[in-house]
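> coords below, sequence missing:
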């Protein structure tokens, strides 16, 4: 019997291989469908301050969502890595406030103002995979798990249908997200009321 750690590592490898095989047209239409679902989500619509990751590589491209948040008058914050396995949210006013950060991921400039967790009204969370019970498999660094642990803002993970699995292997410290958004569906954690 493989350990939870080994099961997660294998699942990460399998899903990333699948995602890397998607052709550009499928990837583009998948990105557009998922971002449209987010933009229509009531909790996103009424949020004054949004926290969102910046998708790179095989991840869902979130640039259109970032632009939408800024153009619709929302305050937008994005993650900044501030140490080993630690991050914070920083406000940006445009995509020009981004620079290449840890592992080549765009990050806000260090001069961008801090956004405290209690200022966030809605957060968009990355994943490699999710299941329909809203358990999320991240990249294994624990950045988001640690950041989210003492927060109360609504959150959603975005996941391509192709990356959705029946059950994510979990450790005791793993937490659910409130909902999982795919191209075609929105799944809610049992403790979470629909929008």
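Alright, I've got the coordinates. Quick caveat, the model's predicted, so the values are computed rather than measured.

> drop to CA atoms for contacts and neighbour counts, all remaining ones
Noted.

> please give the element, helix or strand, for residue 88.
Applying DSSP states H and E as the criterion places residue 88 in strand 86-92.

> got the buried residues for the helix or strand just after that strand?
Remark: after strand 86-92, the chain's next helix or strand is strand 98-100, criterion DSSP H and E. Applying a neighbour-count criterion of 16 or more other C-alpha atoms under 10 Å, one finds residue 98 buried in strand 98-100.

> how near is residue 64 to residue 92?
15 Å (C-alpha to C-alpha, to the nearest Å).

> those two: which is more packed in?
Legend: neighbour count by other C-alpha atoms under 10 Å for residue 64 and residue 92, higher for residue 92 (23 against 13).

> need the contact list for the more buried one.
Residue 92 makes contact with 75-78, 98, 108, 112-113, according to C-alpha atoms under 8 Å, 6 or more residues apart in numbering.

> out of those, who's the most crowded?
Sorting those by how many neighbours each has (other C-alpha under 10 Å) puts residue 77 first, at 28 neighbours.

> may I ask you to confirm that residue 50 is in contact with residue 74?
Yes: contact criterion C-alpha atoms under 8 Å: residue 50 and residue 74 qualify, at 6.9 Å.

> out of these two, which sits in the busier spot?
Between residue 50 and residue 74, counted using other C-alpha under 10 Å, the more crowded position is residue 50 (28 against 18).

> so what's the more buried one up against?
Shown in contact with residue 50 (C-alpha under 8 Å, 6+ apart): 44, 69, 74-77, 120-124.

> so how far is residue 155 from it?
As for residue 50, its distance to residue 155 is 10 Å (criterion: C-alpha to C-alpha).

> kindly report the same for residue 172.
Residue 172 sits 20 Å away from residue 155, taking C-alpha to C-alpha as the criterion.

> kindly report the same for residue 179.
Using C-alpha to C-alpha, residue 179 is found at 7 Å from residue 155.

> try residue 20
Relative to residue 155, and taking C-alpha to C-alpha, residue 20 is found at 26 Å.

> so the two - more neighbours on which side?
Legend: neighbour count by other C-alpha under 10 Å for residue 20 and residue 155, higher for residue 155 (23 against 13).

> identify the bridge partners of the residue nearest to the more buried one when sequence neighbours are not counted.
Leaving out its chain neighbours, the residue that sits closest to residue 155 by C-alpha to C-alpha, 6 or more residues apart in numbering is residue 123, at 4.5 Å. For residue 123, the beta-bridge partners are residue 51, residue 155 (DSSP bridges).
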